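Enquirer: I need the structure of the sequence given here:
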Amino acid sequence: MSILDKTTLTVTRRTGSRVSGKWVPGVSSEFTIIACRPQPIGPETLDLLPEWARSSAKFTTYAEDNQTELHMIEYDEQTTPADIVEYGGQSYVVTGLEDWSNVALGHRAYVLLAFAPDEEISA
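Expert: Residues are numbered from 1 along each chain as shown. The predicted model follows:
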């Protein structure tokens with residue numbers, strides 16, 4: 001697949017576990033992916049998100065399927081913390097994956113939600 005207007009995005013992958021129902025952070029690591037420059041989220045994509053996520057949804061980005069798959073916020077029981085993507089000096093949490101990795105032009109689409117760096121993201 002050829003993604004036009006590629007950019008390098010820095011991703012922070014967090015680890016941790018739940019202790020008595022509360023999230024206890026572990027060690028974080030950073031890596032980069034090559035992705036399409038994030039685009040403002042469109043109304044069709046916004047409608048697909050849960051209502052709680054719509055006000056903070058900012059961008060959609062696309063990564064080729066040979067890139068590391070990003071961890072995203074899950075809407076049920078969260079077992080793996082969502083990855084954090086840095087773009088334009090801001091931090092965004094990953095949600096809203098659409099996986100087209102099994103088609104000829106394999107890629108994955110992600111929605112990036114704005115959040116404050118000190119905000120707990122475990123849901």
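Enquirer: residue ranges with poor pLDDT in this structure?
Expert: 1-4, 74-79, 97, 101, 103-105, 116-123 (pLDDT under 70).
Enquirer: Repeat the analysis, applying 80 as the threshold.
Expert: 1-4, 17-18, 21-23, 50, 52, 57, 65-67, 73-80, 96-107, 115-123 (pLDDT under 80).
Enquirer: For the residue located most distally from the centre of it, what are phi and psi?
Expert: Of all residues in the chain, residue 20 has its C-alpha farthest from the mean position, at 26.6 Å, by C-alpha atoms, centre = their mean. The phi/psi pair for residue 20 (degrees, to the nearest 10) reads phi 50, psi 40.
Enquirer: what does the one 10 residues further on give?
Expert: Backbone geometry at residue 30, expressed as degrees, to the nearest 10, gives phi -120, psi 150.
Enquirer: and what of residue 23?
Expert: When read as degrees, to the nearest 10, the backbone of residue 23 gives phi -70, psi 130.
Enquirer: Nothing else from me, thank you.
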